[in-house]
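[1] the amino acid sequence is not available; the structure is as follows:
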Ligand code: NAD
């Protein structure tokens, strides 16, 4: 390590001990770090330039191991705006018709799909066929069957498939998982996950079954499913579920407003969860264990995440989730890194299998078994 890098390394380490840097100082440190980084950089095109795509693009400005280099959209004016805002060259811009030509572009490594859910699978398959790595937003697809076709397409093309599970890299989440893994909390006994918000505009794609694949469960309930799996540390073997609908005009057939569901795990742990589009201030995880407990609220929002355990409040510095996610995904794709909590296609597929089973349990009223 040269002396400048050694200094930066020490400076980064001191951040943990000295949390009193100003925002400007932190930015300067970030810039110095960026200049110091000499390793591989994942060059990413974003497909779907909506509100979350914009959030990811903004967050990528401070990435060191990933860089936004391309844009794909059905709306020419958005491409122009993004070119100006993010310095994207014309040769790295595509529309949905000429997108397949991306295969001839040696300057793009991966495409990050951030469209309505029904477009994830078709664009992921086109991306794989173009020989580019696929990063896809959650839910990975509309159902498990579709998810499996994405996995198969990426395998056949020998490209990676990752899902935008940003909280899998969130420091407080990882600390609770560490405490559980190292036995500090004792045996896990129970999990509760409450996820929801009051949805507005009834004409948005999130309330359109064909585009969203469902309602609250596909969008926000998936966080409770995923969270139960990474906090309990097991895969569920059965599910029961109940649906309630107070507004059948806004929440049409196949678009769930509120679903309560329970997941059973091999050790006997039960997860009790709520997914809703009609209640605010629901972003809470609670893990009860034999020797202690962990509570996160907010648990999956953009942050800062708040978390405490029986030992006290967790004080890890807030990080921009999408910045860390994209740097980590660069390490996974280009360096073969194995994250503590997976973000690959198989991980996305497990959540889809559980969602399929929840919808089935709502219909049958019975306990549905799961085989993940
Ligand atoms: P959005 O409506 O703001 O953006 C969607 C984009 O897709 C728009 O640019 C729109 O023009 C484009 N699009 C292409 N075809 C479309 C069609 N047929 N109908 C409607 N729009 C179309 O949505 P968003 O909030 O950015 O969500 C996009 C994806 O990102 C979803 O899958 C969502 O679940 C996911 N998301 C993830 C997070 C997260 O924290 N990981 C947060 C928000 C959204």
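    Happy to help now that I have it. Here the structure is a predicted model, which means the values were calculated and not measured. Residues are numbered from 1 along each chain as shown.
[2] who does the helix or strand containing residue 274 pair with, and is each partner parallel or antiparallel?
    Residue 274 is part of strand 270-276 when elements are defined by DSSP states H and E. The strands that strand 270-276 pairs with in its sheet are strand 188-196 (parallel), strand 258-264 (antiparallel) (by DSSP bridges).
[3] just after the longest one, pick out the following helix or strand.
    Taking DSSP H and E as the definition, the helix or strand that follows strand 188-196 towards the C-terminus is helix 209-212.
[4] now the helices for the stretch 151-300 of the chain?
    Taking DSSP state H, counting those that start in this stretch as the test, the helices found in the stretch 151-300 of the chain are 171-181, 209-212, 216, 222-232.
[5] buried residues, the second one. List them.
    Neighbour-count burial for helix 209-212 flags 209, 212 (criterion: 16 or more other C-beta atoms under 10 Å). Every C-beta, even on glycine, is put in place using the N, C-alpha and C of the backbone.
[6] ok, residues contacting it?
    The list of residues contacting helix 209-212 from outside it, by C-beta atoms under 8 Å, 6 or more residues apart in numbering, reads 116-119, 205-206, 218-219, 252-255.
[7] closest to residue 91 out of the helices of the stretch 151-300 of the chain?
    Smallest distance to residue 91 across these (C-beta to C-beta): 30.8 Å, for helix 209-212.
[8] what about the following helix or strand past the closest one, near the ligand?
    Helices and strands here follow DSSP H and E; after helix 209-212, the next one along the chain is helix 216. No - Helix 216 lies apart from the ligand when judged by C-beta under 6 Å from any ligand atom; the minimum separation is 11.5 Å.
[9] the ligand contacts on this structure?
    Counting by C-beta under 6 Å from any ligand atom, the residues of the chain lying close to the ligand are 48-53, 74-75, 114-117, 119, 137-138, 164, 166, 205, 211, 219.
[10] for residue 325, what are its contacts?
    Applying C-beta under 8 Å, 6+ apart to residue 325 gives the contacts 164, 166, 168-169.
[11] as JSON lines, these with pLDDT and neighbour count would be great.
    Conversion of the contacts of residue 325 to JSON lines gives the following (pLDDT from 0 to 100; neighbours: other C-beta atoms under 10 Å):
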{"residue": "164", "pLDDT": "98", "neighbour count": "22"}
{"residue": "166", "pLDDT": "98", "neighbour count": "25"}
{"residue": "168", "pLDDT": "98", "neighbour count": "22"}
{"residue": "169", "pLDDT": "98", "neighbour count": "22"}
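[12] what is the nearest of those to the ligand?
    Using C-beta to the nearest ligand atom, residue 164 comes nearest to the ligand of these, at 4.7 Å.
[13] tell me the contacts of the closest one?
    56, 112, 114, 135-138, 325, 343.
[14] ok, now which ones touch residue 356?
    Residues counted as contacts of residue 356 (C-beta under 8 Å, 6+ apart) are 143-144.
[15] where does it fall, phi/psi-wise?
    phi -50, psi -50 (degrees, to the nearest 10).
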